[in-house]
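>>> Generate coordinates for the sequence data below:
(chains A and B)
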Amino acid sequence: AQKITQTQPGMFVQEKEAVTLDCTYDTSDPSYGLFWYKQPSSGEMIFLIYQGSYDQQNATEGRYSLNFQKARKSANLVISASQLGDSAMYFCAMREVLTGTYKYIFGTGTRLKVLA
Amino acid sequence: DAGVIQSPRHEVTEMGQEVTLRCKPISGHDYLFWYRQTMMRGLELLIYFNNNVPIDDSGMPEDRFSAKMPNASFSTLKIQPSEPRDSAVYFCASSEGRPEQPQHFGDGTRLSIL
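Just a heads-up that it's a prediction; the model follows:
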């Protein structure tokens, strides 16, 4: 069963507007971490933001925030005031802790295009 | 601080040749991961190590692929013999053992097998 699901293969957003990229996950591990990465066309993978399963508040990092809804098992990335440089592929990932594997499980990604 | 260093950045070789990809993780990181990325299959975990010991190699496609981590500062991924379907971008990543710590990726090796 797929553990990380990103249902939006591609999205468009107008410059300066906010956009939400969806991510749902599946785990029976009570302790886990959720991560978002950005991959621009140049190819590197850039870490954006982290949310722990026990964190009470949604994570924020500059223009990035994570809308964490634990009961729904969703961890959506919100990018505020989109910029042209935000055009990239975005990956959601999860790291389970108590299962002991400590590996990261990635979704299939969402390609975001910011329009001028 | 130096990030994860991969070499070579690009490799073009003919089918049947041996290919060796190299990775130097961030100092102090306990975990090292090898991924392969293609348009068709996305980002695939091939193998990962903890304290130089392979933990899970279930993602290694077949016996032609092998990976080693002889010490904490170096890992290799070998393909022998290489095939055109091995063409992909191969990423190495490392992380600390603490669960809240993200992986840090190298810039990748773009491999083309002719």
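>>> hey, where'd the strands end up in chain B?
Taking DSSP state E, the strands of chain B run over residues B:5-7, B:10-13, B:19-24, B:31-38, B:42-50, B:53-56, B:65-71, B:74-79, B:88-95, B:104-105, B:109-113.
>>> Dump those strands into TSV; add mean pLDDT as well.
TSV is the format used below for those (pLDDT from 0 to 100):
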stretch	mean pLDDT
strand B:5-7	97
strand B:10-13	96
strand B:19-24	98
strand B:31-38	96
strand B:42-50	93
strand B:53-56	93
strand B:65-71	97
strand B:74-79	97
strand B:88-95	97
strand B:104-105	96
strand B:109-113	97
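>>> Can you tell me which of the ones you listed is nearest to chain A?
The minimum distance between chain A and the strands of chain B falls on strand B:104-105, with 3.8 Å, by CB to the nearest CB. Every C-beta, even on glycine, is put in place using the N, C-alpha and C of the backbone.
>>> what about that closest one, near chain A?
Yes. Contact between strand B:104-105 and chain A, assessed by CB under 8 Å from any CB of the partner chain, occurs at B:His104, B:Phe105.
>>> can you check stretch B:13-28 too?
No. Taking CB under 8 Å from any CB as the criterion, stretch B:13-28 and chain A are apart, separated by no less than 12.4 Å.
>>> Quick one: residues in contact with the helix or strand bottoming out on mean pLDDT in chain A.
The least trusted helix or strand in chain A, going by mean pLDDT, DSSP states H and E, turns out to be strand A:104-106, with a mean of 90. The contact list for strand A:104-106 (CB atoms under 8 Å, 6 or more residues apart in numbering or on different chains) reads A:3-4, A:35, A:91-96, B:33, B:42-43, B:45, B:95, B:103.
>>> Sort out which of those residues are buried, if you could.
Neighbour-count burial (16 or more other CB atoms under 10 Å in any protein chain shown) is assigned, among those, to A:4, A:35, A:91-96, B:33, B:43, B:45, B:95, B:103.
>>> now, which of the residues you listed sits nearest A:Asn76?
Using CB to CB, A:Cys92 comes nearest to A:Asn76 of those, at 8.7 Å.
>>> neighbours around the residue lying closest to B:Trp34 once chain neighbours are set aside, how many?
The shortest distance from B:Trp34 to any residue other than its chain neighbours is 4.4 Å, reached at B:Leu46 (CB to CB, 6 or more residues apart in numbering or on different chains). Using other CB atoms under 10 Å in any protein chain shown, B:Leu46 is surrounded by 20 other residues.
>>> is it true that B:Leu46 touches B:Gln37?
No. Counting by CB atoms under 8 Å, B:Leu46 sits too far from B:Gln37 to count as a contact (10.6 Å).
>>> Residue nearest the middle of chain B, spatially speaking?
B:Trp34 (3.2 Å; CA atoms, centre = their mean).
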